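Enquirer: Structure here, sequence nowhere to be found:
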């Protein structure tokens, strides 16, 4: 991770936020109001319209302490499950384009240790099902309570029983993405951290992005939680998710730290034909809502707007995005050429506040209304 200030990149993302205070006054006021109500102590926001970065701003402080560090536009956050799209899904897209990953391949063909005696349903689980959260694996298991090492947690994840028959329902699954991350590493022959740094973050100039953040000064990273149950310390610059923590901070479901302008660079690439990373057709394939199971809102890795949606009321049906448990989100609307990145640490000092679920769609709506009013 190489922290650097925002600058235009070769794919022509142009800073143009000099009018942001007037243009997005209502959206900014919503974020300030949320901070005043303790929905989260701080936030950063980046908005892209076509090839322009039209808003980029920091709000609040690292914590609710009046002496805490002020959030700047370049503040780094633990983006939690936004890792699933910025890193893991994009890694899958690139391996797919290189003809090294077959979407319909059974997971057991790459990870034979995923098989379980007497559990024939596991043979049906494919790479696509892991990406689309239709594998039948459970949403979440507190593996960290029993696993003391990365190897132990991996072994437990690979042997986690299915909760449902594959393809009978879509259930968002961290366990599925842990397995997917391991599968992609097996296919690539290297760690997710190394692959993503070389193939995604560096080519896009995402100098403040990477798995883990120990080498970055804590003055640049917002803390997430005062962990009084597991790690018994303030968690800052290390992954919030406990399963990912036991895995050493590198996992398919969580682990990436980033800033809003870096996530904006990534969004710009996804909105404009895949940028330097993948072809337009591949972006379309992975961001298109799956036709099954019935009622799913999931694409491959990405989510799409459902009712109600955290993207708000105005993002088109072709939009795609993802949320992170720590209070982070990215939503992209290719019809508008619009992306909104909102990073917060709503889990500080604990995860009791759920107010962001009201704040986030309201901010998205205010941004779209401001753009439409021009």
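Expert: It's in. Remember, it's a predicted structure, so these values are computed and weren't measured experimentally. Numbering: from 1, shown residues only.

Enquirer: can we go C-alpha only for contacts and neighbour counts from here?
Expert: Noted.

Enquirer: Which parts of the stretch 101-250 of the chain are strands?
Expert: 210-211, 225-227, 233-235 (DSSP state E, counting those that start in this stretch).

Enquirer: most tightly surrounded among the ones you listed?
Expert: Mean neighbours per residue, mean count of other CA atoms under 10 Å, is largest over those for strand 210-211, with a mean of 24.

Enquirer: Strand partners (parallel or antiparallel) of it?
Expert: strand 256-259 (antiparallel) (DSSP bridges).

Enquirer: Which residue ranges of this structure form helices?
Expert: For the chain, the helices defined by DSSP state H occupy 20-23, 25-36, 83, 90-97, 107-110, 127-131, 150-158, 174-188, 192-196, 242-246, 260-271, 280-287, 356-372.

Enquirer: nearest to residue 34, of the strands of the stretch 101-250 of the chain?
Expert: In this view, these are compared for proximity to residue 34 by CA to CA, and strand 225-227 is the closest at 18.3 Å.

Enquirer: Now tell me what touches the closest one from outside.
Expert: With contact meaning CA atoms under 8 Å, 6 or more residues apart in numbering, strand 225-227 is reached by 232, 233, 234, 235, 236, 240, 347, 348, 349, 350, 351.

Enquirer: Rebuild the helices of the chain as TSV, extending it with mean neighbour count, distance to residue 73 and mean pLDDT.
Expert: TSV is the format used below for these (neighbours: other CA atoms under 10 Å; distance: least, CA to CA, whole Å; pLDDT from 0 to 100):
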stretch	mean neighbour count	distance to residue 73	mean pLDDT
helix 20-23	14	13	98
helix 25-36	18	13	98
helix 83	25	20	98
helix 90-97	20	25	98
helix 107-110	18	41	98
helix 127-131	25	32	98
helix 150-158	18	34	98
helix 174-188	23	29	98
helix 192-196	19	23	97
helix 242-246	22	26	98
helix 260-271	26	7	98
helix 280-287	17	28	98
helix 356-372	18	17	98
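
Enquirer: Which one, of those, ends up nearest to residue 63?
Expert: That would be helix 25-36 among the helices of the chain, by CA to CA, at 10.1 Å.

Enquirer: quick one: that closest one to helix 356-372, angle?
Expert: 160 degrees (axes from the mean of the first three to the mean of the last three CA atoms, to 10 degrees).

Enquirer: which helices and strands sit right next to helix 25-36?
Expert: Here helix 25-36 touches strand 52-60, helix 356-372, going by 3 or more CA pairs under 8 Å, 6 or more residues apart in numbering; DSSP states H and E.

Enquirer: so which of those comes closest to residue 40?
Expert: Once the helices and strands packed on helix 25-36 are compared by CA to CA, helix 356-372 is nearest, at 7.8 Å.

Enquirer: Off-centre distance for that closest one?
Expert: Offset of helix 356-372 from its chain centre (CA atoms, centre = their mean, to the nearest Å): 19 Å.

Enquirer: Could you tell me the angle between that helix and strand 52-60?
Expert: With the same axes, to 10 degrees applied, the angle from helix 356-372 to strand 52-60 works out at 140 degrees.

Enquirer: So which other helices or strands are in contact with helix 356-372?
Expert: Short answer (3+ CA pairs under 8 Å, 6+ apart): helix 356-372 packs on helix 25-36.

Enquirer: so what's residue 343 up against?
Expert: 43, 44, 45, 77, 79, 259, 260, 327, 328, 329.

Enquirer: Against residue 277, how distant is residue 251?
Expert: 21 Å (CA to CA, to the nearest Å).

Enquirer: Looking only at neighbour counts, state which of these two leads.
Expert: residue 251 (32 against 22; other CA atoms under 10 Å).

Enquirer: Nearest the geometric middle of this structure, what residue?
Expert: The chain has residue 82 as the residue nearest its centroid, 0.5 Å off, counting by CA atoms, centre = their mean.

Enquirer: Let me know whether that one touches residue 255 as I believe.
Expert: No: look at residue 82 against residue 255 with CA atoms under 8 Å: they stay out of range, at 9.3 Å.

Enquirer: Without its sequence neighbours, what residue ends up closest to residue 126?
Expert: residue 106 (4.2 Å; CA to CA, 6 or more residues apart in numbering).

Enquirer: actually residue 139, not the one I wrote
Expert: residue 173 (3.8 Å).

Enquirer: swap in residue 287?
Expert: In space, and not counting its chain neighbours, residue 287 is closest to residue 299: 5.3 Å by CA to CA, 6+ apart.

Enquirer: sorry, back to before: to residue 13, which of the helices of the chain lies closest?
Expert: Comparison of these against residue 13 by CA to CA identifies helix 260-271 as nearest, at 7.2 Å.

Enquirer: Distance check, residue 136 against residue 115.
Expert: Applying CA to CA, the value for residue 136 to residue 115 is 14 Å.
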